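*Asks:* Fold the following for me, if possible:
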Amino acid sequence: QVQLVESGGGLVQAGGSLRLSCAASGRTFSSYAMGWFRQAPGKEREFVSVIIWSGGNTAYADSVKGRFTISRDNAKNMVYLQMNSLKPEDTAVYYCAARRAGRSGDPSLWDSWGPGTQVTVSS
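*Replies:* The predicted structure is shown next:
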């Protein structure tokens, strides 16, 4: 399995930017689909973005499309989420996840999770 640790969260004003990073351990990192999910207080965990193996295939939730960009560096075992034009409704704990079987928007189907990083967007 892959172990994951997120970083880069924080407090930012609306319209600002943050870059989240996810460090992964494991020799087979490049074979995993990597995703970002988020969970706001009182809400279920929701899909944000996914990138598969080589990085050529990505997908985004409609709510973040055009504002967030996912990328990965397989040589460094890193995944990134660049978040621009942040809105107060983007406030949540953001989680990095890994899945051997490819992309999925269902968090229950993912294999490994990081502990999460808090993102707070003030209005």
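
*Asks:* mind checking the SS state of Trp53?
*Replies:* coil (DSSP: H, G, I helix; E, B strand; the rest coil).

*Asks:* Need the pLDDT of it.
*Replies:* Note on Trp53: pLDDT of 71.

*Asks:* Just give me the neighbour total for Asp62.
*Replies:* 6 (other CB atoms under 10 Å). Where C-beta positions appear, they are placed from N, C-alpha and C, glycine not excepted.

*Asks:* Could you measure from it over to Glu46?
*Replies:* Separation of Asp62 from Glu46 (CB to CB, to the nearest Å): 11 Å.

*Asks:* cool, Phe29 as well?
*Replies:* For Phe29, the distance to Glu46 (CB to CB) stands at 24 Å.

*Asks:* of the two, who's got more company?
*Replies:* Phe29 (21 against 14).

*Asks:* any idea what sits nearest that one, other than its immediate chain neighbours?
*Replies:* The shortest distance from Phe29 to any non-neighbouring residue, by CB to CB, 6 or more residues apart in numbering, is to Asn77 (4.7 Å).

*Asks:* what about the one you found, how many neighbours?
*Replies:* 17.

*Asks:* Got the phi and psi for it?
*Replies:* Dihedral angles of Asn77 (phi, psi; degrees, to the nearest 10) stand at phi 60, psi 50.

*Asks:* show me where this protein has strands.
*Replies:* Using DSSP state E, the strands of the chain run over 3-7, 10-13, 18-25, 33-39, 46-51, 58-60, 68-73, 78-83, 92-99, 112-113, 117-122.
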